[in-house]
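Q: Build the 3D model from these lines:
(chains A and B)
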Number of protein chains: 2
Amino acid sequence: MIEVVLLGSGNVATHLFKAFSAAEGIHVKQVYNHSKNSLAYFQNKTEITTQISELFEADIYLMALKDDVIPTVAAQLQDKQGLIVHTSGSVALEALNGCKRKGVLYPLQTFSKENEVIYSEIPFCLEANTPEDLQLLKSLAEMISGKAYEINSQQRRKLHLSAVFVCNFVNHLYAVGEQICQKSEIPFDILKPLIAETARKVQNASPAKVQTGPAIRNDQSTIKGHLELLESNENKKIYELLTSAIQTFHGKKL
Amino acid sequence: MIEVVLLGSGNVATHLFKAFSAAEGIHVKQVYNHSKNSLAYFQNKTEITTQISELFEADIYLMALKDDVIPTVAAQLQDKQGLIVHTSGSVALEALNGCKRKGVLYPLQTFSKENEVIYSEIPFCLEANTPEDLQLLKSLAEMISGKAYEINSQQRRKLHLSAVFVCNFVNHLYAVGEQICQKSEIPFDILKPLIAETARKVQNASPAKVQTGPAIRNDQSTIKGHLELLESNENKKIYELLTSAIQTFHGKKL
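A: Below you'll find the predicted structure:
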């Protein structure tokens, strides 16, 4: 049985708590947050505390905290025998320096409180200082997911950067599509199958090889027409830049 | 039985042919293309021709052709009694002026020859000049799909524009993610569940309401770190513009 103390109560903490609680072989002994209000969800499910000094002994102290508080909280965990772990894509393992044992378990997924997540489909990017601690994290990850990857701090930053492109930026393009539809009284529902298929397509194909649309065809009359249709200056700039980027990427730049 | 003559042999034509052939109540009598080579796929499945003058009589002449040849081909169909239909997102119904009956059946989906498409999930955007012809297109669409929408030419151009954002531009962001991974020897597979979940999320939620990431949090230290990590000037520009666009969209602009 892997005993876990969870630090944090946001989206990532909540989803990991659910996944760990459902898994055999993992016991979340305690959840910490500095504010008691945000521990309401956990209150009747496990022990809670607002004091770092009251943390139980555990195999793993898992910090699902904002990036900028990770070093501060880690500094208060230096006497712990357990493995101190953060879950951030952009914070290096070294942020935990001073702790006896340190690791990273970065779940590469977008979490929101209202959405159920299929844990078995979350890739966990793991890092630790010793093979034993890496194995411990691997066991933890595999108890809730089939997919564990060993990723060093430098690679993890690149992965986090990639995730901004394929998730955060992509979502904004969905929002632009929705905005254009709304202004013309078109139900956004019409775009949903296209959104789903565009994501599905790259599950088995390289996105670089399945690019379609007016930019890669260098269809100037459609591009010109689209730029005239765009009312928002911001969206016009996005259209121009991404059209140009697609043409550069595929060597079609005039 | 709706009798169809299909003009064109590209991705859209091929997928519509498959869908129509599988549907009861639709008969694709003939497929036309000016080049015989590109008709190879259809050769043993139905009649083929390279001559417009040899087209059979049919209820619907469905043009799945490049935008710029639609008016030229339509001009050669002016004596036909059947409904002349194009399948383009960016061409107005008026491009068929001179034809006795005219309509549009725009399948809002991304097609590629190698991918199977689930036809029941394709929204068909329909337009016609008379209620009877609209009903005929609706029957055709419903025989292969549950979803038919009445969309006028102006709305269709906006839909096509939206589709460029949520499909073509999104795919390029996937390609950028893949490129960043490749350079750091990270398997692109790690990003696939995130790509799938990002698309899944907006099937039931407004993308404007589920935006996440450093831009909307105005997390300047992560943004700065990401810009330093980016090697390609083009990708740096995309990062800056989309970060700024997200902040403007959500009223977080400093």
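
Q: So which bits of whatever helix or strand residue A:48 lives in are buried?
A: Counting by DSSP states H and E, the element that carries residue A:48 is strand A:47-49. Residues A:48-49 are the ones in strand A:47-49 that count as buried (16 or more other CB atoms under 10 Å in any protein chain shown). (Each C-beta comes from the backbone N, C-alpha and C, glycine too.)

Q: which neighbours does that strand have in its sheet, and in what orientation?
A: Taking DSSP bridges as the criterion, strand A:47-49 forms sheet pairs with strand A:26-32 (parallel).

Q: which outside residues touch the strand it pairs with?
A: If you take CB atoms under 8 Å, 6 or more residues apart in numbering or on different chains as the criterion, strand A:26-32 is touched by A:1-9, A:13, A:17, A:20-21, A:39, A:42, A:46-52, A:55-56, A:58, A:140, A:143-144.

Q: Now, these that are in strands?
A: Among these, the ones falling in strands (DSSP state E) are A:2-7, A:47-49.

Q: just those now: which is nearest chain B?
A: residue A:7 (19.5 Å; CB to the nearest CB).

Q: Counting neighbours, what do you get for the closest one?
A: Applying other CB atoms under 10 Å in any protein chain shown, we find 28 residues neighbouring residue A:7.

Q: Check which helix or strand residue A:227 maps to.
A: Counting by DSSP H and E, residue A:227 is found in helix A:220-229.

Q: what is the orientation angle of the next helix or strand after that helix with helix A:220-229?
A: Next along the chain after helix A:220-229, taking DSSP H and E as the criterion, comes helix A:233-249. Helix A:233-249 runs at 160 degrees relative to helix A:220-229, counting by axes from the mean of the first three to the mean of the last three CA atoms, to 10 degrees.

Q: which residue ranges form the helices in chain A?
A: For chain A, the helices defined by DSSP state H cover A:11-22, A:70-75, A:131-144, A:153-163, A:170-183, A:192-201, A:214-217, A:220-229, A:233-249.

Q: With distance to residue B:98 as extra columns, can I get those in TSV?
A: Shown next, in TSV, are the helices of chain A (distance: least, CB to CB, whole Å):
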stretch	distance to residue B:98
helix A:11-22	58
helix A:70-75	69
helix A:131-144	64
helix A:153-163	51
helix A:170-183	31
helix A:192-201	32
helix A:214-217	27
helix A:220-229	21
helix A:233-249	33
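
Q: Need the pLDDT of residue A:119.
A: The confidence metric pLDDT takes the value 72 at residue A:119.

Q: and what of residue A:146?
A: 68.

Q: one step back: export the ones in strands among the contacts of strand A:26-32 as JSON lines, with columns for pLDDT.
A: Formatted as JSON lines, the ones in strands among the contacts of strand A:26-32 follow (pLDDT from 0 to 100):
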{"residue": "A:2", "pLDDT": "97"}
{"residue": "A:3", "pLDDT": "98"}
{"residue": "A:4", "pLDDT": "98"}
{"residue": "A:5", "pLDDT": "98"}
{"residue": "A:6", "pLDDT": "98"}
{"residue": "A:7", "pLDDT": "98"}
{"residue": "A:47", "pLDDT": "98"}
{"residue": "A:48", "pLDDT": "98"}
{"residue": "A:49", "pLDDT": "98"}
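
Q: so how many other residues sit close to the closest residue to residue A:143 other than its chain neighbours?
A: Take residue A:143 and drop its neighbours on the chain: the residue closest to it by CB to CB, 6 or more residues apart in numbering or on different chains is residue A:23, 4.5 Å away. Residue A:23 has 17 neighbours, counted by other CB under 10 Å.

Q: hang on, isn't residue A:23 packed against residue A:142?
A: No - using CB atoms under 8 Å, residue A:23 makes no contact with residue A:142, being 9.6 Å away.

Q: Find the closest residue to chain B in the stretch 51-200 of chain A.
A: For the stretch 51-200 of chain A, CB to the nearest CB, closest residue to chain B: residue A:168, 3.0 Å.

Q: wait, isn't that residue in contact with residue B:250?
A: No - with contact defined as CB under 8 Å, residue A:168 does not reach residue B:250; the gap is 11.7 Å.

Q: any weak-confidence spans in chain A?
A: A:112-115, A:146, A:253-254 (pLDDT under 70).

Q: mind giving me the domain split of it?
A: A:2-151, A:156-249 (automatic domain parsing).

Q: Just name the most buried of those domains.
A: Per-stretch averages of neighbours, counted by mean count of other CB atoms under 10 Å in any protein chain shown, single out domain A:156-249 among those, with a mean of 20.

Q: Between the two ends of that domain, how far is it?
A: 24 Å (CA to CA, to the nearest Å).

Q: and what of stretch A:178-191?
A: Span of stretch A:178-191 from end to end, CA to CA: 8 Å.

Q: wait, does it make contact with chain B?
A: Yes - against chain B, stretch A:178-191 shows contacts by CB under 8 Å from any CB of the partner chain at A:178-181, A:183-191.

Q: Could you check how far the nearest residue to residue A:185 once chain neighbours are set aside is from residue B:107?
A: With sequence-adjacent residues excluded and distances taken as CB to CB, 6+ apart, residue A:185 is closest to residue B:155, at 7.4 Å. As defined by CB to CB, to the nearest Å, residue B:155 lies at a distance of 15 Å from residue B:107.

Q: how near is the residue nearest to residue A:122 when sequence neighbours are not counted to residue B:215?
A: Ranked by CB to CB, 6+ apart and with sequence neighbours excluded, the top spatial neighbour of residue A:122 is residue A:109, at 4.6 Å. Distance of residue A:109 to residue B:215, given as CB to CB: 18 Å.

Q: And for residue A:132?
A: For residue A:132, the distance to residue B:215 - CB to CB - is 39 Å.

Q: quick one on the thing from earlier: out of the domains of chain A, which comes closest to residue B:246?
A: domain A:156-249 (5.0 Å; CB to CB).

Q: Now find how far off-centre the closest one is within its chain.
A: 21 Å (CA atoms, centre = their mean, to the nearest Å).

Q: cool, and stretch A:46-56?
A: 26 Å.

Q: swap in stretch A:237-254?
A: Counting by CA atoms, centre = their mean, stretch A:237-254 comes out at 28 Å from the chain centroid.

Q: you'd agree residue A:236 is up against residue A:229?
A: No - contact criterion CB under 8 Å: residue A:236 and residue A:229 do not qualify, at 9.5 Å.

Q: what residues are up against the residue in chain A sticking out farthest from the centre?
A: Distance from the C-alpha centroid of chain A, by CA atoms, centre = their mean, peaks at residue A:221 (38.8 Å). By CB under 8 Å, 6+ apart, the residues touching residue A:221 are B:67-68.

Q: rewinding a little: how about the domains of chain A in JSON lines, adding distance to residue B:202?
A: Formatted as JSON lines, the domains of chain A follow (distance: least, CB to CB, whole Å):
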{"stretch": "domain A:2-151", "distance to residue B:202": "11"}
{"stretch": "domain A:156-249", "distance to residue B:202": "5"}
